[in-house]
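K.L.:
below are the sequence and a predicted model for it; my questions follow.
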Amino acid sequence: MLAPFVTASYNKHRKTAEEWNIPDAEGYANSRTIKECYDAFQSLEYEVNTLHTANGQTPFVTFGFGLGTSWESRLIQESILRNRIAGLGKNRKTAVFPKLVFAIRDGLNHKKAIRTTTSNSWRWSAQASVCIRIS
């Protein structure tokens, strides 16, 4: 659902690089988009964990992900996982919310030996398992 926004962000950064005659416009756009995506999920995680209802409860939020195959979807998945692994604040505390639901499918992000058009997708399940171990 969020992949089109990553594409729009990439295109915006690419256009900026071309307007300013940056030699490696694609590299510039990639690095800015990666940072922007990571920062967006970091902000979202902080917002969810600092928002409280009238009786002091944190809203119960769940992110479901893991089945996206486009580069934009993979960037979103990586940003979610990297943020969770990094933790919150200077003490790197594991966030309570949002809960992460990582969908696993053979040949897509599980069982690396299966050949598909998205053969690198299996590595997200490895990153997700790191996230599970530290929680």
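P.N.:
Perfect, I can see it now.
K.L.:
can you give me the pLDDT of the nearest residue to residue 67 once chain neighbours are set aside?
P.N.:
Spatially, and ignoring its direct neighbours in sequence, residue 67 is nearest to residue 103 (5.1 Å; CB to CB, 6 or more residues apart in numbering). In short, each C-beta sits where N, CA and C put it, glycine included. Looking at residue 103, its pLDDT stands at 90.
K.L.:
for residue 103, what are its contacts?
P.N.:
The contact partners of residue 103, by CB atoms under 8 Å, 6 or more residues apart in numbering, come to 64-67, 109.
K.L.:
buried among the residues you listed? Need that as a selection in PyMOL.
P.N.:
With 16 or more other CB atoms under 10 Å as the burial test, the buried ones among the contacts of residue 103 are selected in PyMOL as follows:
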select buried, resi 65+66+109
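K.L.:
got a pLDDT number for the residue nearest the centre of the chain?
P.N.:
By CA atoms, centre = their mean, the chain has its centre lying nearest to residue 79, at 2.5 Å. pLDDT for residue 79: 95.
K.L.:
which secondary element of the protein has the worst mean pLDDT?
P.N.:
Lowest by mean pLDDT, DSSP states H and E among the helices and strands of the chain is helix 122-134, with a mean of 62.
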